[in-house]
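[1] Provided below are the primary sequence and the corresponding predicted coordinates.
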Amino acid sequence: MTSAGYDELLLLQASLVPEEFQWRGTAVETEAWQSAVAQYEQDGAAKKDTVHFSLRVNEALGVWMNVSLDVGGDDAPPGITVSATSPDVSLDALSAVVRERLADAANEDMPNRTFDVYTALQEHVVHMEAERPASKEPAQPPPEPVPTQTSMKRVIFWSHHLIAPSKRKQFAAWCPELQVWGLFKLGYPGFLCFEGEADDVDEMVQRVKGMQWHAISMRVEVSWTSTTGNLDEALRSCLLAHGRDALRAPGKLRVDVKELDDMGKFVAELRTLSLPEDEIADACHLRKSQ
């Protein structure tokens, strides 16, 4: 018996990492082949057999070289086929490389023919991979929308009285300009309620304080963050907006004002709008229930 095939088999196993070399056979056959190789390494006993295995040529393209190799007998040429999982690989081209290298090896009486074909295929696939069209990155799912946060504020002023038509006309103009809801109790005493985006309400507060008043004080100031969407949606969610005709009007939201001239109706309106009872009590100096 000769060592034909065994030396090349050991060369291949030494040159490749374990996942690049796979036996192709049943569990019994694989165990017998591994035992024969181990025996050859130990004492040079070359058992005659035909072994079947696959060598991974290229992981990205899924190219494998499938080999049937006679060991321990005549130095017969190996049987080699090629397989691939990528549609970008031309199996005809790779098979041509195999035929050409085996023919050259036979003419030149070259040793380690399987190893020679393997390296030739690797070189050819490298060029094939370089010419491969760039694959598109898989479409990423759209990011989860981040809730739009809007800083909101509501304030309530008490005044000695609110009668002057000039002031009422001014508020009727300022509220739409600043996009701030307005609710007013006219007469003695007067109350001014404003609600909207925090900066806009702050601007309204400055304008109110800049006007001439017999007496005025801000009794309620409440801030919160709205996550309902854009400013338009945040304004629609304001407590002072509930029941307003502006909410039903088509097109862009236009805030407005509402006037009441009776204290009882004003307090009832605040409760209808679901203002917290503490706010109503602080604004109107109502006695809090124990």
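    The structure has been received and is ready for your questions. Residues are numbered from 1 along each chain as shown.

[2] all strands of the stretch 101-250 of the chain, in order?
    Assigned by DSSP state E, counting those that start in this stretch, the stretch 101-250 of the chain shows strands spanning 150-159, 180-185, 190-197, 216-226.

[3] mind putting those strands into JSON lines with mean neighbour count?
    For every residue, glycine as well, the C-beta is placed using N, CA and C. As requested, these are exported to JSON lines (neighbours: other CB atoms under 10 Å):
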{"stretch": "strand 150-159", "mean neighbour count": "21"}
{"stretch": "strand 180-185", "mean neighbour count": "25"}
{"stretch": "strand 190-197", "mean neighbour count": "24"}
{"stretch": "strand 216-226", "mean neighbour count": "14"}
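
[4] for residue 258, which of those is the nearest?
    Among those, the nearest to residue 258 by CB to CB is strand 180-185 (5.2 Å).

[5] what lines up beside the closest one in the sheet?
    On the basis of DSSP bridges, the sheet neighbours of strand 180-185 come out as strand 190-197 (antiparallel), strand 257-260 (parallel).

[6] can you list those in CSV and add distance to residue 71 and mean pLDDT?
    Formatted as CSV, the strands paired with strand 180-185 follow (distance: least, CB to CB, whole Å; pLDDT from 0 to 100):
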stretch, distance to residue 71, mean pLDDT
strand 190-197, 84, 96
strand 257-260, 98, 95
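
[7] export these as TSV, with columns for distance to residue 44.
    Below are the strands paired with strand 180-185 laid out as TSV (distance: least, CB to CB, whole Å):
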stretch	distance to residue 44
strand 190-197	90
strand 257-260	105
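
[8] returning to what we had before: for residue 249, find the nearest of the strands of the stretch 101-250 of the chain.
    strand 180-185 (14.2 Å).

[9] what mean pLDDT does the closest one get?
    Across strand 180-185, pLDDT averages out at 96.

[10] please shift the residue numbers so they start at 34 in all later answers.
    With the count now opening at 34, the last piece we talked about shows up as strand 213-218.

[11] show me where pLDDT drops low in the stretch 34-183 of the chain?
    Applying pLDDT under 70 to the stretch 34-183 of the chain flags the ranges 34-35, 165-172, 175-180.
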